[in-house]
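*Asks:* With the sequence up front, the predicted model follows.
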Amino acid sequence: SSGINAEYGDDKSGIIRSKTEWGCWYQTIEDVTAEVVVPQHTRGKDVNLKILPNSISCTVHKKEIFAGKLYQSIVCDESTWTVEDEDGQRMIRIFLVKSNKTPKSCWTSLFIDGCAADVLTLDEMQKKIVQERYTRENPGFDFSQAEVTGNYQDGGPQFP
C-alpha cells in the first residue's frame with residue numbers, strides 16, 4: 001500500500017536507514033524494511049526466511065544472518081521479501097507490516113535486543129514519521145522539506 005510508492009518513487013521520501021552488520025533497516029508509520037546484502041549469485045532458493053508475528057530469522061546459503069524477537073509485532077500475511085539488485089548490489093529486501101500503524105509506533109530497534117538505531121538516526125526517523133503524519137493529516141501539503149523541531153518524539157504533538 002502506501003509504503004511502496006514512497007520508498008521507490010522519486011526518493012523525495014529521503015529514507016532514514018539504520019546501518020547494521022548485514023545491511024540496514026528503515027521504517028514508515030506502517031512498515032519496517034530490512035535490506036540484507038548478499039553474495040551476487042544468491043537466488044530465492046538460497047534464502048530461508050521465517051516471518052512470525054513477533055520474530056524473524058534469515059539464513060542465506062545455510063548461514064544464519066540474523067534471528068530474533070522483533071521490537072514490536074507485525075502482520076505476517078501482509079509481510080513479504082524479495083531478492084533483487086540495486087546499484088550493482090545483490091540484496092534481500094524484507095518488508096514487514098507493523099501491527100501498530102500509528103505515528104507513536106516508531107521502532108527504536110529492529111529487534112528487542114539488537115540492531116538499535118543510534119541516537120542521531122533514531123532522531124531523524126522520528127522526525128520523518130512526524131512529517132509523514134502531517135502529510136496524511138493535511139492532504140495536498142508537502143512536508144518533505146519542512147524542518148521538524150521541538151516535540152516530535154512519540155509521534156509529535158497531540159492536538160485537541
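*Replies:* Nice, thanks for sending it over.
*Asks:* Which strands or helices does the strand ranked longest in the chain pack on?
*Replies:* Across the chain, the longest stretch assigned as strand under DSSP state E is strand 74-86. Contacts defined by 3 or more CB pairs under 8 Å, 6 or more residues apart in numbering; DSSP states H and E place strand 74-86 against strand 47-51, strand 89-98. C-beta: built from backbone N, CA, C; applies to glycine.
*Asks:* With only the CA atoms kept, save the shortest one in PDB.
*Replies:* Looking back up the chat, that one is strand 47-51. Output of strand 47-51 as PDB, limited to C-alpha atoms (Å, rounded to 0.1, in the frame of the first residue of the first chain):
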ATOM      1  CA  VAL A  47      17.300 -18.000   1.300                       C
ATOM      2  CA  ASN A  48      15.400 -19.400   4.300                       C
ATOM      3  CA  LEU A  49      13.300 -16.600   5.800                       C
ATOM      4  CA  LYS A  50      10.800 -17.200   8.700                       C
ATOM      5  CA  ILE A  51       8.500 -14.300   9.400                       C
END
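*Asks:* Give me the mean pLDDT for that strand.
*Replies:* Across strand 47-51, the average pLDDT comes to 98.
*Asks:* got the angle for it vs strand 74-86?
*Replies:* For strand 47-51 against strand 74-86, the angle by axes from the mean of the first three to the mean of the last three CA atoms, to 10 degrees is 150 degrees.
*Asks:* Same question for the last one.
*Replies:* Angle of strand 89-98 versus strand 74-86, following the same axes, to 10 degrees, is 160 degrees.
*Asks:* Give me the mean pLDDT for strand 89-98.
*Replies:* 97.
*Asks:* Please name the strands paired to it in the sheet, noting orientation.
*Replies:* strand 31-37 (antiparallel), strand 74-86 (antiparallel) (DSSP bridges).
*Asks:* wait, which of the ones you listed is closest to E137?
*Replies:* strand 31-37 (18.8 Å; CB to CB).
*Asks:* Off-centre distance for the longest strand of the chain?
*Replies:* 11 Å (CA atoms, centre = their mean, to the nearest Å).
*Asks:* A34 pairs with what?
*Replies:* Here A34, judged by DSSP bridges, has bridge partners W25, I94.
*Asks:* and the gap between it and G140?
*Replies:* Distance, A34 to G140, by CB to CB, to the nearest Å: 32 Å.
*Asks:* I92 too?
*Replies:* Distance from I92 to G140, by CB to CB: 36 Å.
*Asks:* ok, now D118?
*Replies:* With CB to CB as the criterion, D118 and G140 are 35 Å apart.
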